[in-house]
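Enquirer: need a structure here:
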Amino acid sequence: MEMDYIVLKNDNAELRDAHIQTKKEIQELRDQHQLQNEASNLASKWNMESGNETLPGNGSAMNKKLLLPSGTSAPNVQPVVAFTAILTHDVDLGPKQAIEYDKILTNIGNGYDKRNGQFMVPVSGVYIISSTIISQASSCINVELVKNGVELAGMYGDDYDMGSQTIVLQLNKGDMVWARNWADHGGVQHVHSHPGVNYCSFSGALIAAIDTSINIK
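Expert: This next block holds a predicted model:
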């Protein structure tokens, strides 16, 4: 009889301990659920105020969101425009004739057309433009860089002498830039070059894209 009482007492103690442990686990689950709800509400409030987009969910109860400081916008990606073309042979230029630099080394943005020697601006911005020429023996040459047919800068060479020019200017999308014979009348002018030497070149690159509504002088 006394043994049965001891066994029953031990069973009651085990049941009491199990009940206490179960209540503890239930309370922990309640606390965890409450924290999840509070975190979800707080995240929703922050993202509603910042106006940021919800990122795709991963199956969890809470949606992940991208939080950016108020007034912060995504960084702009700077476009890349750059070209270099080489003249690989002698050229006889008539009045105002363009130099068709025929070998393309670089043409990022596809602005340069070797068929006519012209660079068509694909992106409005500030550009650096450069050109070199060399005259043939016992002759001189005058070449000009032009924008939409208007002279920007000139180059001169005499008796195997090299002329070059580098300018920085604002160009709008669709503008045309090229190098051409300066003379509008008279005889032919001769540009000297041949394969493997690369004396004569025409290059340009976008320094910075700009808003065309801003007038830069």
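
Enquirer: Return the set of buried residues in stretch 182-195.
Expert: 182, 183, 189, 190, 191, 192, 193 (16 or more other Cβ atoms under 10 Å). For glycine as for every other residue, the C-beta is placed from the backbone atoms N, C-alpha and C.

Enquirer: Let me know the closest of those to residue 140.
Expert: Nearest to residue 140 among these is residue 189, at 7.9 Å by Cβ to Cβ.

Enquirer: so what's the closest one up against?
Expert: The contact partners of residue 189, by Cβ atoms under 8 Å, 6 or more residues apart in numbering, come to 92, 93, 139, 140, 141, 142, 143, 181, 183.

Enquirer: can you tell me which of those lies nearest to residue 160?
Expert: Comparing those against residue 160 with Cβ to Cβ places residue 139 closest, at 9.2 Å.

Enquirer: how many other residues sit next to that closest one?
Expert: Around residue 139 there are 16 other residues, counting by other Cβ atoms under 10 Å.

Enquirer: what about the protein, any weak spots by pLDDT?
Expert: 1-75, 185, 212-217 (pLDDT under 70).

Enquirer: can you give me the helices for it?
Expert: Per DSSP state H, the chain carries helices over the ranges 2-50.

Enquirer: Would you map the strands across it?
Expert: 82-87, 91-93, 103-108, 112-113, 118-120, 125-134, 140-147, 150-158, 162-171, 176-181, 189-191, 200-209 (DSSP state E).

Enquirer: By neighbour count, sort out the buried ones in the contacts of residue 189.
Expert: 93, 139, 141, 142, 143, 181, 183.

Enquirer: Any idea how many residues pack against the nearest residue in space to residue 100 that is not next to it in sequence?
Expert: In space, and not counting its chain neighbours, residue 100 is closest to residue 117: 3.9 Å by Cβ to Cβ, 6 or more residues apart in numbering. By other Cβ under 10 Å, the residues close to residue 117 number 20.

Enquirer: Also residue 201?
Expert: 19.

Enquirer: ditto for residue 168
Expert: Per other Cβ under 10 Å, the neighbour tally for residue 168 reads 10.

Enquirer: distance of it from residue 156?
Expert: 21 Å (Cβ to Cβ, to the nearest Å).

Enquirer: Same check on residue 82?
Expert: 27 Å.

Enquirer: ditto for residue 95
Expert: In terms of Cβ to Cβ, residue 95 sits 17 Å off from residue 156.

Enquirer: again, but for residue 99
Expert: 14 Å.

Enquirer: If you count surrounding residues, which of those two has more?
Expert: residue 99 (21 against 16).

Enquirer: Give me the nearest residue to that one, chain neighbours excluded.
Expert: Closest residue in space to residue 99, ignoring its immediate chain neighbours: residue 179 at 4.8 Å, by Cβ to Cβ, 6+ apart.

Enquirer: Please apply the same query to residue 209.
Expert: Closest to residue 209 by Cβ to Cβ, 6+ apart is residue 125, at 4.1 Å.
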